[in-house]
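Trainee: here is my input; please provide its structure:
(chains A and B)
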Amino acid sequence: MKKVLFSAVLVSAFGTAAFAADYGSAGCGLGSLAFRQNDMTQVLAATTNGTFGSQTFGITFGTSGCNNKGLVKMSMARESFIEANYKDLSRDAAAGKGEYVANLARLYGFTPENTGSFASLLQKNHTAIFAANSAKTAVNEINRLIGSL
Amino acid sequence: MKHKRTGWVKPPVRFLLPLLLLASPARALAPEKELQRLAVRRSALEAAAWKDPYWLRLLYYRKNLLGGYRSPSVNHNFFLSKWGKISPRLELEAAVNGLFYEGADDDSPECGFPERYRWLRARLDIKPSEIPFKACKSFEEWKAGLDTESVSLLFAAGYLNNPSTLYGHTFLRLHNRGAAGADLLDYTINYAAAADAESGLFFALKGLVGAYPGQFSTIPYYLKIQEYHNIENRDLWEFPLNLTTEEIDRLLRHGWELGKAAFPYKFFSRNCSWQLMPLLDIVKPGLDLSRRFHLWVIPADTAKAVLSGSPAAAPGWRPSLWKTVDWKRSRLSESEKTSVLQLARGDQNAGLKKMDLAGPARKAAVLETAVDYLSWRFYAGRIGKAELDARTDPLLAARAPLGRQPTFTGGPERPASILEAHESLRLGAGPVSLKNGTAYEIQARFAAQDLLDDPAGYLPDAVLEMGSFRLRHDPRYNRLYIKEGRLARVMSLNPWDDWVRRQSWEFSAGIEQADETGRQSGTSAVWAMNAGSGMALEARRPVRQIWYALAEADSGFGPALRSSWRAGAGLKAGVLAENGPVRALIEARYLSYAAGDTRPLWAGSAAASLRLARDSSARLEYSWRGSVKEAGIYFHQFVFAP
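Mentor: Purely as a prediction, here's the structure:
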């Protein structure tokens, strides 16, 4: 505890330390988002693999889900979004509304006008999509439901 | 070895060498191209283009004491010339040579540094008919992917229970054109340190001297929301920057260049917030922000500085996860609140059965609140991922079949933004009545708030003090001394809430006068460090009060103490009350020392402050320490840190 407190104090004295958060390559590629605990030691350990010398802008990314310019690959946009926002999306889907559902709807090509039908689809099939707590299952299940529309 | 290295060229090739050298740069250009290159080079020299302030700005050159230039980028890909780091002139010459790059367009210097070349072409009046534009496929794709319609400055508020983020964080958000409500899919431009796994002292020292490289990245906005709203539980403020199309283009062109740069990240002075200043100076040259910040850069200050140069617009606000939970809780009846606790922390099956009696709308509201509360518990480290899943899934499975229900409308009440907050540096002065007469005091505190300062725009019920000095002159002995020289003091009072169950805590380190030793005033300076932990309670009638009690550990070092040191423990208790512009604080502590100087310390204070204006206040303070009592009245003025 002492060490934690000491570290906390030191860091607190150094104000505005912003660290590349340790989501590593989150948002780019499935299976890459490790949830992080939010206690002090974890925050202090919040680090990223140094990615030096990268030629392009979005250097925090670099895995398969990202293109070489640091943006999420179009083909991976849905997967990345579902994985990074799994809990929020699952909650909004159960409520049948909310910004996470609206954003995913746009990624699936729905307009603001027909987002409601997408929201209902997720709400009706909530268990099938989300009960496995796996982004991969959720993606496949939503793709299947959209395909069968 | 006998033969010299210069002898490697075979005789038949030797006579070609002078020709090759003439035809520099390395690759031979056709004669007319070479003539063109020499002409451009000459006009660049004649115009002394390398001295142009915009060129110096684009490469972040700083003049050093000897009159030389130096760019802070530690990534050499940011320069075209191998001398680019220290020579703006050679870097400009390399840029001129780059105009004649003959490889694939996309790999050309012009495509790597679009803003430098836009400026260079304009500065030297180079027409596309003379030197055609390169087709920059990668850059154009990237730019099209971002498809930026507008830009805003995002400010993640400070959060005391997360030490790396006490003061907040700033970054830019690029609003995608035609997002049609899908604005989570925007990208951000974020500057952060790439720290290693080091922790504690070493980590802090490395951060101080700039051993960590800082880099820009484009992180999806939804990841920043996960980071701040969920994981770190902070409010996110959004201030529109109202950039013109031309300014946005400049931001993107230069942003592309910054992908090749890395700057030393320094916690105090060259941090996340500072590095946005030269970037915005390039985007909006009139702002000239980077000159306004020197030794000490606080994100809230940079946000204010940026916004002072933009037309006023209403900021957006995204409350933290806890504020959202707290607001939903406030919309529930007492029995519904009990249900939420049962679903989230108690016997969930029994809770779900009981819920069947409620109507679908109320049931949905309780379930949604319980799910959010469980998320908060997970991010706050109260439960693990397994329990989060195990408890959340049945709730969502019960919620979904209820269909669409009117559960919650609106949102938490928006607090004052940083634009309404006092400036961070506080200066103060006033007379102090001591036993032997009146002394005079001047005060300076670099940042940012104590319990008696108006917390609008800052954190409520918190102390966040860095570099607080009180200098006193006592005419009776004609003595000037440091009443207080505090390095840091942080205090977080968290009124007890059964849903949160968070302790209150405090830490402080610095020089103070140990008057209880009975020495002449001003001669008992000790270095004191203490930390405490305890509980706080909130009462709302007749005015809002926070009562608190902390168990404290204290240590002191200094010749004023017997055996020059002491270590001990004790209790501190106090009450803070606030009503409109008046805030009052009564606090007392008793410490008993087990080692070193074992005389106990009994000290306390009663103080009140009156807010006069956003940036000024008056404070009355009575305090005692041992048998020494004093009373002072001070005027405080908050100013923008120079």
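
Trainee: check the gap between the residue sitting nearest the centre point of chain B and B:Ile86 for me.
Mentor: Chain B has B:His169 as the residue nearest its centroid, 3.1 Å off, counting by Cα atoms, centre = their mean. Distance from B:His169 to B:Ile86, counting by Cβ to Cβ, to the nearest Å: 32 Å. (C-beta placed from N, C-alpha, C; glycine too.)

Trainee: where does the nearest residue to B:Pro581 once chain neighbours are set aside land in three-state SS?
Mentor: Spatial nearest neighbour of B:Pro581, excluding adjacent residues (Cβ to Cβ, 6 or more residues apart in numbering or on different chains): B:Arg611 at 3.9 Å. When classified by DSSP: H, G, I helix; E, B strand; the rest coil, B:Arg611 comes out as strand.

Trainee: does A:Phe81 really touch A:Ala102, like I thought?
Mentor: No - applying Cβ atoms under 8 Å, one finds A:Phe81 not in contact with A:Ala102, separated by 11.7 Å.

Trainee: between those two, which has more neighbouring residues?
Mentor: Between A:Phe81 and A:Ala102, A:Phe81 has the larger neighbour count (other Cβ atoms under 10 Å in any protein chain shown), namely 26 against 21.

Trainee: burial of B:Asn75, as a residue count?
Mentor: Residue neighbour count, defined by other Cβ under 10 Å, stands at 18 for B:Asn75.

Trainee: quick check: residues of the stretch 401-550 of chain B near chain A?
Mentor: B:403-405, B:407, B:447, B:466, B:487-488, B:490, B:507, B:509, B:531 (Cβ under 8 Å from any Cβ of the partner chain).

Trainee: how much space separates B:Asp301 from B:Pro415?
Mentor: B:Asp301 sits at a distance of 19 Å from B:Pro415 (criterion: Cβ to Cβ).

Trainee: among those two, which residue is more densely surrounded?
Mentor: Higher neighbour count among B:Asp301 and B:Pro415: B:Asp301, with 26 against 18, using other Cβ under 10 Å.

Trainee: on the three-state scheme, the more buried one is what?
Mentor: helix.

Trainee: low pLDDT regions in chain A?
Mentor: Applying pLDDT under 70 to chain A flags the ranges A:1-75.

Trainee: how is it partitioned into domains?
Mentor: With domains defined by automatic domain parsing, chain A comprises A:2-61, A:71-147.

Trainee: what about the longest one, near chain B?
Mentor: What it means is domain A:71-147. Yes - judged by Cβ under 8 Å from any Cβ, domain A:71-147 comes into contact with chain B at A:71-72, A:77, A:80-81, A:84-85, A:87-88, A:90-91, A:93-97, A:99-100, A:102-103, A:105-107, A:111-112, A:115, A:120, A:123-124, A:126-127, A:130-131, A:133.

Trainee: tell me which other helices or strands the helix or strand containing B:Trp624 touches.
Mentor: Assigned by DSSP states H and E, B:Trp624 belongs to strand B:616-625. Applying 3 or more Cβ pairs under 8 Å, 6 or more residues apart in numbering or on different chains; DSSP states H and E, we find strand B:616-625 packed against strand B:601-613, strand B:628-639.
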